[in-house]
Every structure is written in structure tokens, then in C-alpha cells.
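Visitor: predicted coordinates and the sequence they were generated for:
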Amino acid sequence: MTLFNSGTQNVFNSVSIGSNKTMSSAQKTAEVQSPPGDTVSCLRFSPESMQTTFLAATSWDNRIRIWEVQANGSTIPKAEQMHQGPVFGACWSTDGSKLFSVSADKTAQMWDLGSNTFTQVGVHDAPVKTAHFITAPNYSCLMTGSWDKRLR
């Protein structure tokens, strides 16, 4: 695993930076400012097409949060939204203008980051575990998977 795309990992759990320098996993630890208040359930970086790098995290405290990631690896808290239950998953739209989240409250929500609106875009009969934004040549859509054994 690499920290903010800073190198490559080998099988011995160290990160290679350049050709001759390595650092152990413990040496590259970074923490976000204003972290979630409960267990983190999902982490997603913004699409590479965006000029700025953002990190989204969902957690069991019912919130989805976004931080701006600086070039040095530090973070700046930017915004958060709240579900009515623990948030299990998230995914970005291809252009990064929207962030989708799914929750134990049985809903899928769309966070339009330009207008800062949070809108329900899907519902299941049980908690929703996963969300994926699908882009094909002639369409794009949000796919969700739930504990109700359905994909929508």
C-alpha cells in the first residue's frame, strides 16, 4: 500500500521511493485532521481527473466526510454529510462532482459537491453495503448492493 501515491510496495511491507531509499510502513503513517468519531468503513480517493486530490471516508458515526489532501500528505477537513444510520460505502462520479454513499438506513444518497445538496437516489429493503459508479460508452449509473440480496 502506498501513502497518497508516493511509492511502490514490495512483498516485505516496505515502500520504495526512488531507486535506493526505502521506508517502513510505520515511518509513513499519517492521520487526517478531524477524524471520524467511530469505526471507518470505507475510504475513497477522488478521481485522478480532478486537479485537487480529495479523500472521502464513511463511518459508523452515520457520517461521510471529505478532506483535501495536500502534496505533503497533510489533510484539510472540507465537508461532511449525515445519514440516519452507519455509512458503509461510497464512490465518486467519474468527474468527481458527486459522491454517492450507502448506509444501514437502507438508502443510497447523492452528494452534489457543487451545490452541497444531499439527495436520496435509491432505497433497499435492508442496509445497503456497497456502491459503484458505472460508466459505459453510452450511459452511466449508480449500482448498489444490499443485505436484502439485491443489486440495483
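Guide: Great, that's in hand. Numbers count the residues shown, from 1 in each chain.

Visitor: residues contacting residue 46?
Guide: 52-56, 92, 96 (C-beta atoms under 8 Å, 6 or more residues apart in numbering). Glycine gets a C-beta too; all of them are placed from N, C-alpha and C.

Visitor: for the chain, what helix or strand is lowest in average pLDDT?
Guide: Within the chain, no helix or strand scores below strand 14-17, which has a mean of 41 by mean pLDDT, DSSP states H and E.

Visitor: bridging residues for residue 58?
Guide: With DSSP bridges as the criterion, residue 58 is bridged to residue 42, residue 64.

Visitor: roughly how far does it sit from residue 136?
Guide: Residue 58 sits 26 Å away from residue 136, going by C-beta to C-beta, to the nearest Å.

Visitor: could you measure the spatially most central residue of the chain against residue 69, distance?
Guide: Centroid-nearest residue in the chain, with C-alpha atoms, centre = their mean: residue 44, separated by 2.5 Å. Residue 44 sits 12 Å away from residue 69, going by C-beta to C-beta.

Visitor: before we move on, what about residue 99?
Guide: From residue 99 across to residue 69, the span is 15 Å (C-beta to C-beta).

Visitor: looking at these two, which one has more neighbours?
Guide: residue 99 (26 against 20; other C-beta atoms under 10 Å).

Visitor: that one and residue 87 touch, don't they?
Guide: No - assessed by C-beta atoms under 8 Å, residue 99 is found out of contact with residue 87, at 11.1 Å.

Visitor: give me the common contacts of these two.
Guide: Common neighbours of residue 99 and residue 87 (C-beta under 8 Å, 6+ apart) are residue 64.

Visitor: surely residue 151 touches residue 142?
Guide: No - using C-beta under 8 Å, residue 151 is not in contact with residue 142; the gap is 11.2 Å.

Visitor: the two: who's more crowded?
Guide: Between residue 151 and residue 142, counting by other C-beta under 10 Å, residue 142 is the more crowded of the two (18 against 10).

Visitor: so the more buried one is in which element?
Guide: Following DSSP states H and E, one finds residue 142 within strand 139-146.
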